[in-house]
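*Asks:* take a look and give me a structure for this.
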Amino acid sequence: MGNADFECPHRVAIPPKKPFLDSLASNLKETFFPDDPFKQFKNQPLPTQIFLWLKYFIPILNWAPHYTLDFFKADLVAGITIASLAVPQGISYANLASIPPIIGLYSSFVPPLIYAMLGSSKDIAVGTVAVASLLMSAMLGKEVNPVEHPKEYVQLVFTATFFAGVFQASLGFLRLGLIVDFLSHATIVGFMGGAATVVCLQQLKGITGLVHFTHETDIVSVMRSLFTQVHKWRWESIVLGCCFLFFLLLTRYLSKKKSIFFWISALAPLTSVILGSLLVYLTHAEKHGVQVIGSLKKGLNPPSASDLVFGSPHLAITIKTGIIIGIIGLAEGVAVGRSFAAFKNYHIDGNKEMIAFGMMNIIGSCTSCYLTAGPFSRTAVNFNAGCKTAVSNIVMAIALMITLLFLTPFFHYTPLVVLSAIIITAMLGLINYEEVIHLWKIDKFDFVVCLGAYIGVVFGSVETGLIVAITLSLLRVLLIMARPRTLVLGNIPNSTIYRSVDQYPTANRVPGILILQLEAPIYFANSNYLRERLSRWITDEEERIKSSGETSLQYIILDISGVSSIDSSGISMLEELKKTTERKGLKLVLCNPRSEVIKKLHEANFIEAIGQEWIYLTVGEAGTACNFMLHTCKPNHVAAELNSPV
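*Replies:* Numbering: from 1, shown residues only. The predicted structure follows:
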């Protein structure tokens, strides 16, 4: 008999079969080409296709023909502004990476020109980043001492930058940007906060005027190195450092209070360098324990392709360093680019950004540059200065070119303590405690991931923190997949709508029917759990009915609208569940299966086994059909009738 007397208004359709190769091509396209970049090339002549390919890979060809004088005025102001920040930051971060300061200036000349042609963001200001600089010093410094073997160390830095660029560009060309997606927001917040804390701790060397300091980055080693050399602290350096640190923090505070003051904050680092240099020059403070940069070579970037060492005994650690700093550079750059693009309501292509970052680091490694990305501080200044396009990067590069050709001698007396103050001020902005509090309120597991990354970086190493954060994030993904939620649904009064009884206390359980909802794909990893959990729901419902004296349980409706896919283990689980329910005299009913799921159930002959008439389009229709059966069949014959042929 089944439900033959009930007229179902809709039937679940089984999608037509697709050839295997067509199905495979469709799945690969959805995985790697969700933006369908090849659509524009269809039915186009070859010359047009070549031009479109050039426009696709070189975005400047898209917007350059529409560039206006008004745009240039805005980009000129923004470019000069970020150049004033790039000079002190470039020198400071090079010092952090334990390489000659001039390389920090080189790194703000060539890479911005490359990015201006290949990048898709209007706001990113290219430059060196503190976290990558610290990583290089921490990882490569263990293999080659930068003080004892400076040339070999610099060669490793250039080689690591090359591998970082190759890795980044490969991700972009192969459309593998999804790898960076494993760095969750909570991971980045914790990692960047921990790295900023470590960078600030390392700058205590410059503030106290110490010459010898630990190369370890964990807080215990840094504190031990600091307080075992108290007798070597230079009060002149401490006083000078505290004064400039106060000045920089004050300007930063003012710029946060009123956005109109962002100019003060943007120009404060360069102002500090100029004032510090004048103070040292006039007072001869370098003779009283205040360390200075010293001589910087004039001239543009010399070629460094011959300095790339692929036969070095340290090649393994160099590749490892390149991959790690490449991931960090991408994560920060893409995240920063997307954040500022959202403010101006435009979209940036993550894969194009990876190609742009990769190419500028490959070319940069051959022109005496080390790793560059899109640092938040410089990009924020560029955005607030009113940039319109990536031309602001070209203006910055030209300003750096003038500096390299004519102005480098003026930085001879720049005190290192001022650079330390600049770095500390920049890093404090990366310790986002407000976001940590927000994570605690929203998602406790995200908070744990964030805290794990922070503790791993501060008490272990930068690599340890990154590994801890990614491991916790992956663990969460696995837990969600392996232990998906199952919900009991009830009927909203005076409607055919069914919702979770936990979320909607007014929803009523339907007598004689248990409605369960699955919220995840059914795979080998969770099929056993789901079988046990569903069986327990059925047992609990039978015990509840027995104790309350309600109508005996007759139907199990399984809402699988949240099941986006299923594998052979999942189908076996449903077959076992069907047998279990039949042994108990219950009828299993499915509703709202998705296209991929119903197709696989059909191929596995599960539809034939359960009966096409017991698969419904909605929970409402399934509930109506089961209610009809409950009210038209005698209770003691329902189980027998459910199992009878149609």
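*Asks:* so residue 335 is in which element?
*Replies:* Using DSSP states H and E, residue 335 sits within helix 315-344.
*Asks:* quick one: average confidence on that helix?
*Replies:* On average, the pLDDT along helix 315-344 is 85.
*Asks:* what is the helix or strand following that helix packed up against?
*Replies:* Remark: after helix 315-344, the chain's next helix or strand is helix 350-365, criterion DSSP H and E. In terms of contacts (3 or more C-beta pairs under 8 Å, 6 or more residues apart in numbering; DSSP states H and E), helix 350-365 is packed against helix 110-118, helix 150-173, helix 315-344, strand 372-373. Quick note: C-beta positions are derived from backbone N, CA and C, even for glycine.
*Asks:* tell me the domain ranges of the protein?
*Replies:* Domain ranges of the chain: 69-476, 484-632, per the TED database.
*Asks:* just say which of the helices and strands packed on helix 350-365 is most tucked in.
*Replies:* strand 372-373 (a mean of 31; mean count of other C-beta atoms under 10 Å).
*Asks:* packing partners of that one?
*Replies:* Using 3+ C-beta pairs under 8 Å, 6+ apart: strand 372-373 touches strand 127-128, helix 315-344, helix 350-365.
*Asks:* a markdown table please, covering those and showing distance to residue 454.
*Replies:* Shown next, in a markdown table, are the helices and strands packed on strand 372-373 (distance: least, C-beta to C-beta, whole Å):
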| stretch | distance to residue 454 |
| --- | --- |
| strand 127-128 | 23 |
| helix 315-344 | 15 |
| helix 350-365 | 25 |
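*Asks:* so for residue 374, which of the ones you listed sits nearest?
*Replies:* helix 315-344 (3.6 Å; C-beta to C-beta).
*Asks:* tell me what angle the closest one forms with helix 110-118.
*Replies:* Between the axes of helix 315-344 and helix 110-118, defined by axes from the mean of the first three to the mean of the last three C-alpha atoms, to 10 degrees, the angle is 50 degrees.
*Asks:* picking up where we left off before, dump the domains of the chain to CSV, plus distance to residue 16.
*Replies:* Shown next, in CSV, are these (distance: least, C-beta to C-beta, whole Å):
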stretch, distance to residue 16
domain 69-476, 29
domain 484-632, 9
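*Asks:* out of these, the one nearest residue 15 is which?
*Replies:* Using C-beta to C-beta, the domains of the chain put domain 484-632 closest to residue 15, at 4.9 Å.
*Asks:* what distance separates the start and the end of the closest one?
*Replies:* One end of domain 484-632 sits 36 Å from the other (C-alpha to C-alpha, to the nearest Å).
*Asks:* what sits against residue 493?
*Replies:* 506, 508 (C-beta atoms under 8 Å, 6 or more residues apart in numbering).
*Asks:* and it, what are its phi and psi?
*Replies:* The phi/psi pair for residue 493 (degrees, to the nearest 10) reads phi -50, psi 140.
*Asks:* now swap in the one 3 residues further on and tell me
*Replies:* Taking degrees, to the nearest 10, you get phi -110, psi 20 for the backbone angles of residue 496.
*Asks:* which pLDDT value belongs to residue 41?
*Replies:* Residue 41 is given a pLDDT of 65.
*Asks:* out of the helices and strands packed on helix 350-365, the one nearest residue 99 is which?
*Replies:* That would be helix 150-173 among the helices and strands packed on helix 350-365, by C-beta to C-beta, at 5.6 Å.
*Asks:* and the helix or strand following the closest one, how far out from the chain's middle?
*Replies:* Next helix or strand after helix 150-173 toward the C-terminus (DSSP H and E): helix 185-202. Relative to its parent chain, helix 185-202 has a centroid offset of 14 Å by C-alpha atoms, centre = their mean, to the nearest Å.
*Asks:* what's the angle between helix 185-202 and helix 315-344?
*Replies:* 120 degrees.
*Asks:* what packs against whichever helix or strand comes after helix 185-202?
*Replies:* Of the helices and strands lying after helix 185-202 in sequence (DSSP H and E), the nearest is helix 204-208. Using 3+ C-beta pairs under 8 Å, 6+ apart as the contact criterion, the elements in contact with helix 204-208 are helix 219-227, helix 235-257, helix 416-428.
*Asks:* my guess is residue 440 contacts residue 447. True?
*Replies:* Yes - the criterion here is C-beta atoms under 8 Å, and residue 440 meets it with residue 447 at 4.5 Å.
*Asks:* more neighbours: which of these two?
*Replies:* residue 447 (19 against 14; other C-beta atoms under 10 Å).
*Asks:* just give me how far the helix or strand containing that one sits from the chain centre.
*Replies:* In this structure, residue 447 sits in helix 444-459 according to DSSP H and E. Helix 444-459 has its average C-alpha position 15 Å from the chain's average C-alpha position, going by C-alpha atoms, centre = their mean.
*Asks:* give the rounded mean pLDDT of that helix.
*Replies:* Computed over helix 444-459, the average pLDDT equals 88.
*Asks:* so which residues make contact with the helix or strand just after that helix?
*Replies:* Downstream of helix 444-459, the first helix or strand assigned by DSSP H and E is helix 462-482. By C-beta under 8 Å, 6+ apart, the surrounding residues in contact with helix 462-482 are 131, 134-135, 138-139, 182-184, 186-187, 190-191, 194-195, 198, 217, 324, 327-328, 445, 448-450, 452-458, 460, 520-521, 523, 525-526, 529.
*Asks:* please indicate which of these are buried?
*Replies:* 131, 134-135, 138-139, 183-184, 186-187, 190-191, 194-195, 198, 217, 324, 327-328, 448-450, 452-458, 460, 520-521, 523, 525-526 (16 or more other C-beta atoms under 10 Å).
*Asks:* where does the chain have low pLDDT?
*Replies:* Low-confidence segments of the chain, defined by pLDDT under 70, span residues 1-10, 20, 22, 24, 27-41, 177-183, 215, 259-260, 262, 633-646.
*Asks:* ok, residue 548 - how many residues close by?
*Replies:* Neighbours of residue 548 (other C-beta under 10 Å): 8.
*Asks:* so residue 545 makes contact with residue 554?
*Replies:* No - with contact defined as C-beta under 8 Å, residue 545 does not count as touching residue 554 (10.4 Å).
*Asks:* of the helices and strands packed on helix 204-208, which stretch is the most buried?
*Replies:* Most buried among those, counting by mean count of other C-beta under 10 Å: helix 416-428, with a mean of 26.
*Asks:* so what's the gap between that one and the chain middle?
*Replies:* 26 Å.
*Asks:* also stretch 603-619?
*Replies:* The answer for stretch 603-619 is 41 Å, by C-alpha atoms, centre = their mean.
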